[in-house]
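> take a look and give me a structure for this.
(one chain, ligands or ions: 1)
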Amino acid sequence: MYIISACLCGVNCKYNGKDNLNERCLKLFKEGKAVLVCPEQLGGLPTPRNPVELNSSVQEVVEGKGRALSNSGEDVTKQFLDGAYETLKIANQVGATNAILKEGSPSCGCNFVYDGTFTGNKIKGKGVTAYILEKEGINIFSDEDLEVDNNKLVYLNEYDREKARKRKLFRQSEQSEYEEEYFDLTENIADMSELPPRVEENVKKLMISLAHDLMGFEEVDEIAEATGLSIEEVQEILNEDE
Ligand code: SF4
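The predicted structure follows:
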């Protein structure tokens, strides 16, 4: 069973009284595989309502150090937290282990939210409900994480694993005869066991450069995932290069 943001199934629960219809989510709902929730309505907010953004990281909002504020300055942190915990309660009651939530929402966003300035600027982060569901062990996916292949949608855990695996792969060259071949940087680790320490160190540096410069991974944990090195190793090598 999935928890799905109600607006993704055509419910007019958005702050402006509209919806964010997503046909794949609606199909899951029609097949009886989903329970719909709108955390902001569950927390007691009316529809329509003023748009809200988080003025701090979601962790700080959940810990009471940050606030969810409307564009008129109204503090709706309590309603956001109430709605998130009601959603968690529903998820537990129906045994949902996956949630598909509306990207970018201060409640439902899974990968990004707006930065609290009401200027349309997006930053990496999660909404309050997404954060709490994930913290409690529920897999969260945004509507934007879903791809066209319905099979992937139905098997979201498998899809997520596949997505993580693909992130480690680097297409060698768009034009070359090896067009369909990929590098998996993590395979280099197994090959390094016989190398002298200095050579091993250089190979690790090269792998980090490939992950950063060619594959575009910026965060230390992403580079670690792409290379198979530990976060500590990556951090240490990056520090040395500074
Ligand atoms: S709180 Fe979530 S479900 Fe409700 S309107 Fe916003 S994005 Fe949709």
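
> quick check: mean pLDDT of stretch 14-23?
Taken as a whole, stretch 14-23 has a mean pLDDT of 95.

> scratch that, stretch 65-85 is what I was asking about
98.

> how about the helices in this protein?
Remark: helices assigned in the chain by DSSP state H are 23-30, 39-42, 58-62, 77-94, 128-135, 150-154, 156-167, 187-191, 197-209, 220-227, 231-241.

> what's the closest of those to the ligand?
The ligand sits nearest to helix 39-42 of all the helices of the chain, at 3.9 Å, using C-beta to the nearest ligand atom. Placement of C-beta: from N, CA and C, glycine included.

> the closest one near the ligand anywhere?
Yes. Residues of helix 39-42 are located near the ligand by C-beta under 6 Å from any ligand atom, namely 39, 40.

> who does that helix touch, helix- and strand-wise?
helix 77-94 (3 or more C-beta pairs under 8 Å, 6 or more residues apart in numbering; DSSP states H and E).

> now residue 25: closest residue in space, sequence neighbours ignored.
Excluding the flanking residues, the one nearest residue 25 by C-beta to C-beta, 6 or more residues apart in numbering is residue 8, at 4.2 Å.

> go on, residue 108?
Nearest one to residue 108, counting by C-beta to C-beta, 6+ apart, is residue 101 at 3.8 Å.

> roughly how far does that neighbour sit from residue 59?
Going from residue 101 to residue 59 by C-beta to C-beta, to the nearest Å gives 17 Å.

> tell me the mean pLDDT over stretch 125-142?
Mean predicted confidence for stretch 125-142 is 94.

> residues contacting that stretch, please?
Counting by C-beta atoms under 8 Å, 6 or more residues apart in numbering, stretch 125-142 makes contact with 3, 39, 54, 57-59, 61-62, 68, 80-81, 83-85, 87-88, 91-92, 96-103, 105-113, 156-157, 160, all of which sit outside it.

> so for that stretch, what gets flagged as buried?
125-133, 138, 140-142 (16 or more other C-beta atoms under 10 Å).

> next: stretch 222-241.
Within stretch 222-241, judged by 16+ other C-beta under 10 Å, the buried ones are 222, 223, 224, 225, 226, 227, 228, 229, 233, 234, 237.

> and if you look at stretch 65-74?
66, 67, 68, 69, 70.

> how about stretch 96-113?
Using 16+ other C-beta under 10 Å as the burial criterion, the residues of stretch 96-113 that qualify are 96, 98-113.

> ok, which of those also contact the ligand?
Among those, the ligand is touched by 102, 105, 107, 108 when using C-beta under 6 Å from any ligand atom.

> just flag the most distant two among those residues.
Within those, two members stand farthest from each other by C-beta to C-beta: 102 and 107, at 8.3 Å.

> just to revisit the earlier point, now the buried residues of stretch 222-241 in TSV, with distance to the ligand?
Conversion of these to TSV gives the following (distance: C-beta to the nearest ligand atom, whole Å):
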residue	distance to the ligand
222	26
223	32
224	32
225	28
226	31
227	35
228	36
229	37
233	39
234	35
237	40
